[in-house]
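> this one's sequence-less:
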């Protein structure tokens, strides 16, 4: 929401510009209106998206003209050239050298006839569409320090995920539409939280290859296993009890993990041997503690 303000002409605030006809009581308006104007201007600035100038127009997609699983080779190439799971995305070089290729990929993926895909292909497609467009939205406004800077809500600064920025079937949808309506509600698979990436430093890394229908189940298992083996999951023993430290994502989407027996039970299946041993010594039970979440851009500079 952008607040529009109307400036108060100086002639109403300065009696000398009004030919001396403004009574002295009008001087109080200067002190009355100026703080209000400053507050409204501050809100306007706070609600304005930041970034490198005006964003280009959203790529246009056709109305579901691509049948069958799309060609993800461009996405694989972009990931190979600009992405490292450990370092992040090279947004600057990607914008400088391959912004047009990324925009064309967004338009092409948005033209896929999802009904022509098998169920596994649909899951792979939606995950790829989400990740490609997150990168595309950031590249459109790069340089930024966080994807949240592209939001216009003044408090949480997260409505970038609710804005219609994703070309799809000749229209535009939001990233939240993909995550919630197309993936979570349809597939009810908590593993997807380790596959979609929101461009934040604390988000599980992008898989360095496209998801594909024939392998999406194994790919998702590997995504969770990689996450559970990394520094974002730590299992500590304190006497007979254990504490499992993990990402705040598992708190935000606790209901998704509850359907899989809860966060501890879910992660236990994917823990490496050493972490699993600590958990087993505590009877397989642990208290979950959630790390602070960094929205700093996953920018590889």
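Good, I have the coordinates. The shown structure was predicted, so the numbers you read here are calculated from the model rather than taken from an experiment.
> For the rest of this, base every contact and every neighbour count on C-alpha atoms.
Will do.
> So what's the residue count around residue 213?
Residue 213 is flanked by 18 other residues according to other C-alpha atoms under 10 Å.
> ok, now how distant is it from residue 143?
Distance of residue 213 to residue 143, computed by C-alpha to C-alpha, to the nearest Å: 34 Å.
> Residue 212 now?
For residue 212, the distance to residue 143 - C-alpha to C-alpha - is 31 Å.
> wait, is residue 218 part of a helix?
Yes - per DSSP: H, G, I helix; E, B strand; the rest coil, residue 218 lies within a helix segment.
> Tell me which of residue 212 and residue 143 has more neighbours.
residue 212 (21 against 17).
> Flag every buried residue along stretch 248-255.
Residues of stretch 248-255 classed as buried by neighbour count (16 or more other C-alpha atoms under 10 Å): 248-251.
> wait, which of those residues is closest to residue 164?
residue 249 (23.0 Å; C-alpha to C-alpha).
> ok, that closest one - contacts?
By C-alpha atoms under 8 Å, 6 or more residues apart in numbering, residue 249 lies in contact with residue 193.
> can you pull the pLDDT of it?
Predicted confidence (pLDDT) at residue 249: the value is 98.
> quick one: the residue positioned nearest the centre of the chain from residue 60, how far?
By C-alpha atoms, centre = their mean, the chain has its centre lying nearest to residue 198, at 2.7 Å. Distance, residue 198 to residue 60, by C-alpha to C-alpha: 22 Å.
> Next: residue 282.
54 Å.
> same thing with residue 232?
According to C-alpha to C-alpha, residue 232 stands 38 Å off from residue 60.
> Looking only at neighbour counts, state which of the two leads.
For residue 232 versus residue 60, neighbours defined as other C-alpha under 10 Å are more numerous around residue 60 (20 against 17).
> can you tell me which helix or strand the more buried one belongs to?
Using DSSP states H and E, residue 60 is not contained in any helix or strand.
> Scan this protein for its longest helix.
Secondary structure of the chain per DSSP state H: the longest helix is helix 119-141.
> Identify each of the helices in the stretch 51-200 of the chain and give its residue range.
73-82, 91-109, 119-141, 175-176, 185-187 (DSSP state H, counting those that start in this stretch).
> All set now, cheers.
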